[in-house]
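Engineer: Turn this into a structure:
(2 chains)
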Amino acid sequence: MSVVDPVIELARGLWRTLSSMFERPVTYQYPEQKRPVRPRFRGRHELLRYENGLEKCIGCSLCAAACPADAIFVEAAENTDEARFSPGERYASTYEINMLRCIFCGFCEDACPTEAIVLGDQYELSFSNRREAIYTKEMLLPPVRTQAQTTPRQTPPGIFTRSVPEMKDAHDD
Amino acid sequence: MDPWLWLEWFIKAFIMLMFLLTGFAYLTWYERRALARIQTRVGPNRAGPFGLLQPIADAVKLMFKEELTPSAADKILFVAAPIMTVVPAMILAAVIPLGTQFTLPFTQRVITLHVANINVGVLYLAAIASISVYGIVLAGWASNNKYAMLGGMRSTAQMISYELALGVCFVVAILLADSMRLIDIVNAQRTVWFAVLQPVGALVFMVTTLAEVNRAPFDMPEAEQELTAGYHAEYSGMKFALFFMAEYQKMIVICAIMATVFFGGYLEPIPGFLTNISWLSWLKVENSPLLGPVYMFIKIVVLLFVLIWVRATWPRIRYDRLMAFGWKVMVPLALALVFITAVGILLAEQFANRLYLAFIPTLSVLAGLVAVIMVDRAIRRKAYERR
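Structural biologist: Take a look at the predicted model:
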């Protein structure tokens, strides 16, 4: 404790700000330079497909039921072997998410029995009118890899009978 | 009267005003960039190279914004207040010398590098600086808004209180230079800056100018957290831009005054150093007078950086403490400094030895330390009482 202590304290503050001038800026130059998102980031939804190209979504509406913001609208229709969209009996003929309502809570992910709906990495979701805010099924589905994997397609009867895939090594641990 | 003299005056005044107007725009850019770097950000860098077009974008935005006048406002004063704030800020710069003089090429005409060279320059500065209080308090009153009113009142009280210490600090420079003419004050610093001779004086001057231009940490009149925006809460568009302009132009001008009065004005930044090296002698102001404005500009930029740096470092002080600091610390300290300066000059004259001037910095630093101890003890006592 000396008489110049207050002066030293003030000078220390000034030195702190001056030295921080020579640190590297933490800024990301956003549109050019994007920061990779975190592993558990919840961005725009994606409606996934199986390896063979069939849609995972079976139109059960559990996501819509779980949604606290009432952002999801699902309408189901019957699958046939001539025009098959997803394994099992039913598929989502309409699947819409209103991004104006969505709060990105991820409850739909948890509710989905087939892990069809997941929150992806996309976060650039600007739109200029309300119509554009509604993401339809076509926008949410990833593109298929080959032409043979498109939906709807004809499948041999009696194979895709299960809506929810059989669990392998099902146990709690 | 010589008609060319009118033209010369006109051109000089025009250049000065243009310097202030563009200087204001680029000061906002400079402040934002410097503040950003201090906070390890980058700052505006999108519009043009290094964001240099950002002030233009801001100006265009402000010009096209809607201007609202509150229905219960005093219309005439509401319009007049920004003008009354911005005009003193601009005409303040008239007496600041930017250099000595030079002969215009191909003619016999000698151009002096200052707009006006009046023999009471310092008095002019003090007088005009206090006029701008009117603009602020009238803006607060005419807005018919409690916050604006409070902001205006605060700024009046603050500026009047700190003007005392500011004026007394001017007296220090007047005593040392033995003149009120700013050119004489600059020339008196040819051997040693007044900031070296009277360091605490320069410090007190800097603190009081901070309060005078309502800059952090004394930006009480526009404290966002307490008064939304203070006196210009009801202003928008170009009228707001005028207040903004006045504030930043005052910053530039006050830095120019500080450079003139305490940091050697248009003289070369390191006095005496350049005289010893012969091949660098062209850098001296006597040999190339057009370097005067350049040196002045460098000094202004450095001093402006100090203002920005202080804003980035220290928080706003409480209003009652601001007043207590102004009246109980700054004014007595400034008076003590005047006394010390006068005694030092008297001793130097009495014994005809300039070495006695060393008496001034030693004693003034001592006075400054006493002030620091007093403030520290007062704060400690209050903290003890609270417990």
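Engineer: Before we move on, what's the pLDDT of the residue of the stretch 51-200 of chain B found nearest chain A?
Structural biologist: The stretch 51-200 of chain B approaches chain A most closely through residue B:200 (11.5 Å), counting by Cβ to the nearest Cβ. Every C-beta, even on glycine, is put in place using the N, C-alpha and C of the backbone. Here, the pLDDT recorded for residue B:200 equals 87.
Engineer: how many other residues sit next to it?
Structural biologist: 25 (other Cβ atoms under 10 Å in any protein chain shown).
Engineer: now residue A:31
Structural biologist: 8.
Engineer: what residues does the host helix or strand of the residue of the stretch 51-200 of chain B closest to chain A touch?
Structural biologist: Element membership for residue B:200 (DSSP states H and E) is helix B:199-212. Helix B:199-212 is contacted from outside by B:129, B:158-159, B:161-163, B:165-166, B:169, B:172-173, B:194-195, B:216-218, B:250, B:254, B:257-258, B:261-263, B:306-307, B:310, B:322, B:326, B:330, B:333-334, B:337, B:341, B:361, B:364-365, B:367-368, using Cβ atoms under 8 Å, 6 or more residues apart in numbering or on different chains.
Engineer: let's go with 6 Å and repeat that
Structural biologist: B:158-159, B:162, B:165-166, B:169, B:172, B:195, B:218, B:254, B:262, B:333-334, B:337, B:361, B:364, B:368 (Cβ atoms under 6 Å, 6 or more residues apart in numbering or on different chains).
Engineer: Kindly state the distance between the middle of that helix and the middle of its chain.
Structural biologist: The chain centre lies 9 Å from the centre of helix B:199-212; the measure is Cα atoms, centre = their mean, to the nearest Å.
Engineer: got it, and stretch B:355-373?
Structural biologist: 24 Å.
Engineer: That stretch and chain A in contact?
Structural biologist: Yes - using Cβ under 6 Å from any Cβ of the partner chain, stretch B:355-373 reaches chain A at B:372-373.
Engineer: Report the mean confidence score over that stretch.
Structural biologist: On average, stretch B:355-373 scores 80.
Engineer: So the spatially most central residue of chain A versus chain B, what's the distance?
Structural biologist: Central residue of chain A (Cα atoms, centre = their mean): residue A:119, 1.7 Å from the mean position. Remark: distance between residue A:119 and chain B (Cβ to the nearest Cβ, to the nearest Å) = 30 Å.
Engineer: quick one, strands of the chain?
Structural biologist: With no chain named, the answer covers chain A. Here chain A has its strands, by DSSP state E, at A:45-47, A:72-78, A:90-98, A:117-119, A:134-135.
Engineer: My question was about chain B, not that one.
Structural biologist: So, for chain B - with DSSP E - the strands run B:101-103, B:110-112.
Engineer: Contacts only, for the most centrally placed residue in chain B.
Structural biologist: Centrality entry for chain B: nearest residue to the mean C-alpha point is residue B:254, 1.5 Å, by Cα atoms, centre = their mean. Taking Cβ under 6 Å, 6+ apart as the contact definition, residue B:254 lies against B:209, B:213.
Engineer: So which elements touch the lengthiest helix in chain A?
Structural biologist: If you go by DSSP state H, chain A has its longest helix at helix A:5-20. Judged by 3 or more Cβ pairs under 6 Å, 6 or more residues apart in numbering or on different chains; DSSP states H and E, the packing partners of helix A:5-20 are helix B:291-313, helix B:359-386.
Engineer: export these to CSV and tack on mean neighbour count?
Structural biologist: Shown next, in CSV, are the helices and strands packed on helix A:5-20 (neighbours: other Cβ atoms under 10 Å in any protein chain shown):
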stretch, mean neighbour count
helix B:291-313, 19
helix B:359-386, 15
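Engineer: related to what we said a few turns ago, if I look at the residue nearest to the centre of chain B, how far off is chain A?
Structural biologist: 20 Å.
Engineer: So residue A:106 is in contact with residue A:41, correct?
Structural biologist: No - if you go by Cβ atoms under 6 Å, residue A:106 and residue A:41 don't touch, sitting 10.2 Å apart.
Engineer: Let me see the ranges of the helices in chain A.
Structural biologist: Counting by DSSP H, the helices of chain A are A:5-20, A:62-66, A:107-111, A:137-140.
Engineer: Let me have the ones you listed in JSON lines, extended by mean pLDDT and mean neighbour count.
Structural biologist: Conversion of the helices of chain A to JSON lines gives the following (pLDDT from 0 to 100; neighbours: other Cβ atoms under 10 Å in any protein chain shown):
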{"stretch": "helix A:5-20", "mean pLDDT": "86", "mean neighbour count": "13"}
{"stretch": "helix A:62-66", "mean pLDDT": "92", "mean neighbour count": "18"}
{"stretch": "helix A:107-111", "mean pLDDT": "91", "mean neighbour count": "17"}
{"stretch": "helix A:137-140", "mean pLDDT": "89", "mean neighbour count": "16"}
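Engineer: wait, which of the ones you listed is closest to residue B:54?
Structural biologist: helix A:5-20 (22.4 Å; Cβ to Cβ).
Engineer: Show me what from the stretch 1-150 of chain B comes close to chain A.
Structural biologist: B:37-38, B:40-42.
Engineer: so residue A:98 sits right up against residue A:134, yeah?
Structural biologist: Yes - the pair residue A:98 / residue A:134 is scored as a contact, 5.2 Å apart, by Cβ under 6 Å.
Engineer: ok and the lengthiest helix in chain B relative to helix A:5-20, angle-wise?
Structural biologist: Using DSSP H, we find that the single longest helix of chain B is helix B:3-38. Angle of helix B:3-38 versus helix A:5-20, following axes from the mean of the first three to the mean of the last three Cα atoms, to 10 degrees, is 90 degrees.
Engineer: Thank you, goodbye.
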